[in-house]
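Undergrad: Sequence and computational prediction follow.
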Amino acid sequence: MIVTVVDPLDLSAVVHHFVQRVDQFTRRGSGYTLERIIQSSATCIKFRPLDAAGSYIPTPAWIKHKRAVINAQNKSDNRCFVWSVLAELFPAREHTYRRQNYTKYEKHLNHDGLEFH
C-alpha cells in the first residue's frame, strides 16, 4: 500500500487512510476481520526535484553500448524533447550527446505554446 501524504509527519492521515482501506475491504464481503497488526514499517524519502539540473538523465549502460540512442545532455534546461527531436532531424557527426550540436537548428521547430517543466 502506498500512501501519499503532503505533510510527512501527519501520522493521523496515514492511520486514517489505512483504516479506510480496511473498511473498504471488509465492506466488500470478505468475511475477514482485522484482529491485530503484527508488524508495520514506513519509509520516508526527501523529494528532490531536478530544478536547476535540467531534465537530463544518463542513459543506462546497456542501452548506451548499443549506440542506438542519442541522449543530449541538457543539464541547464528542461527541453529534452526538443533536443531529441532535433538530434533525429539534424544528426551530429561527432559528440552527439552535446546539446550545442542542436541549438543552431532550434528555430526549425515550432514549439510555441509548449511549456517545459
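TA: Yep, that arrived.

Undergrad: tally of neighbours for residue 99?
TA: Under the neighbour criterion other C-beta atoms under 10 Å, residue 99 is assigned a count of 20. Backbone N, C-alpha and C define where each C-beta goes, glycine included.

Undergrad: list the contacts for it?
TA: Remark: with contacts taken as C-beta atoms under 8 Å, 6 or more residues apart in numbering, residue 99 is in contact with 72, 73, 74, 83.

Undergrad: Which of these sits closest to residue 16?
TA: Comparing these against residue 16 with C-beta to C-beta picks out residue 74 as the nearest, at 41.5 Å.

Undergrad: Remind me which helix or strand the closest one belongs to.
TA: Here residue 74 sits in a region with no helix or strand, counting by DSSP states H and E.

Undergrad: Which pLDDT value does the model give it?
TA: Here the pLDDT value assigned to residue 74 is 85.

Undergrad: from what I can see it touches residue 56, true?
TA: Yes. At 5.0 Å, residue 74 counts as touching residue 56 under the criterion of C-beta atoms under 8 Å.

Undergrad: any idea how far residue 89 lies from residue 34?
TA: The span separating residue 89 from residue 34 equals 58 Å under the rule C-beta to C-beta, to the nearest Å.

Undergrad: What strand or helix carries residue 112?
TA: Under the criterion DSSP H and E, no helix or strand holds residue 112.

Undergrad: can you pull the contacts of it?
TA: Here residue 112 is in contact with no residue (C-beta under 8 Å, 6+ apart).

Undergrad: Just want the phi and psi numbers for it.
TA: The phi and psi torsions at residue 112 (degrees, to the nearest 10) take the values phi -60, psi 140.

Undergrad: Report the separation between it and residue 82.
TA: Using C-beta to C-beta, residue 112 is found at 12 Å from residue 82.
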